[in-house]
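K.L.:
My questions are about this predicted structure, shown below with the sequence.
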Amino acid sequence: MPEKSPVPAVENVKTTYLESLIGYNARRAALVIIDAFLQKMAVYGLRPVDFSVLSLIHHNPGITSRQLCATLNIQPPNLVGMIKSLENRSLLTRRPHPNDGRAVGLHLTASGQELMHDAERTAQELESDAASRLTAAERKTLIRLLQKIYL
């Protein structure tokens with residue numbers, strides 16, 4: 001019986017192929033930013049999706065649940081519990097929609113506005129830290145290029 005040759009040990013991991021993929025690079029960058037985001041937003045009790053929902057309400061007072069779902073690609077049943085939870089924290093309130101009697105507009109409460117003011121400032125700081133090796137022009141270009149993929 002012939003002897004099997006030993007399997008060579010991997011000294012240096014080759015990632016060239018993976019690094020040529022947009023998804024791989026986007027995911028690696030996102031993981032760095034999301035990890036920092038989770039740590040910094042824990043003080044506010046916000047997950048990324050909570051932050052996104054509250055930010056949209058903050059910048060679009062009266063936005064409907066349907067509009068939130070469409071903008072963030074969230075399934076309506078998933079949003080219902082989230083809205084209820086944020087409402088229980090006194091961060092948002094529901095008011096009748098001015099043009100659609102069946103719809104309800106979402107608005108931040110005073111404490112919700114204060115929280116989002118602080119949380120958005122924190123998010124801006126952590127993004128600046130995460131992108132500190134990019135120039136302002138490179139950051140703008142990166143955002144524009146990523147948006148070309150999903151918009």
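P.N.:
Received the coordinates, thanks. Numbering: from 1, shown residues only.
K.L.:
what's the spacing between Ala70 and Pro76?
P.N.:
Using C-beta to C-beta, to the nearest Å, we find Ala70 at a distance of 10 Å from Pro76. Placement of C-beta: from N, CA and C, glycine included.
K.L.:
Please enumerate the shared neighbours of these two.
P.N.:
Counting by C-beta atoms under 8 Å, 6 or more residues apart in numbering, no residue touches both Ala70 and Pro76.
K.L.:
Enumerate every residue touching the residue nearest the centre of the chain.
P.N.:
Against the mean C-alpha coordinate of the chain, by C-alpha atoms, centre = their mean, the closest residue is Pro48 at 4.5 Å. Neighbouring residues of Pro48 by C-beta under 8 Å, 6+ apart: Ile34, Phe37, Leu38, Met41.
K.L.:
Mind jotting down where the strands sit in the chain?
P.N.:
For the chain, applying DSSP state E gives strands covering 92-96, 104-108.
K.L.:
Kindly reformat the ones you listed as a markdown table containing distance to Thr122.
P.N.:
Shown next, in a markdown table, are the strands of the chain (distance: least, C-beta to C-beta, whole Å):
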| stretch | distance to Thr122 |
| --- | --- |
| strand 92-96 | 19 |
| strand 104-108 | 17 |
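K.L.:
Could you say which of these is packed most deeply?
P.N.:
Burial of the strands of the chain is given as mean neighbour count (mean count of other C-beta atoms under 10 Å); strand 104-108 ranks first at a mean of 20.
K.L.:
Contacts made by that strand with the rest, please.
P.N.:
With contacts defined as C-beta under 8 Å, 6+ apart, strand 104-108 is touched by 54, 57-58, 61-65, 68, 83, 91-98, 116.
K.L.:
and those residues, which of them are in helices?
P.N.:
Leu54, Ile57, His58, Ser65, Leu68, Ile83, Met116 (DSSP state H).
K.L.:
And the residues you listed, which two are furthest apart?
P.N.:
Farthest pair in the ones in helices among the contacts of strand 104-108 (C-beta to C-beta) is Ser65 and Met116. Separation: 18.0 Å.
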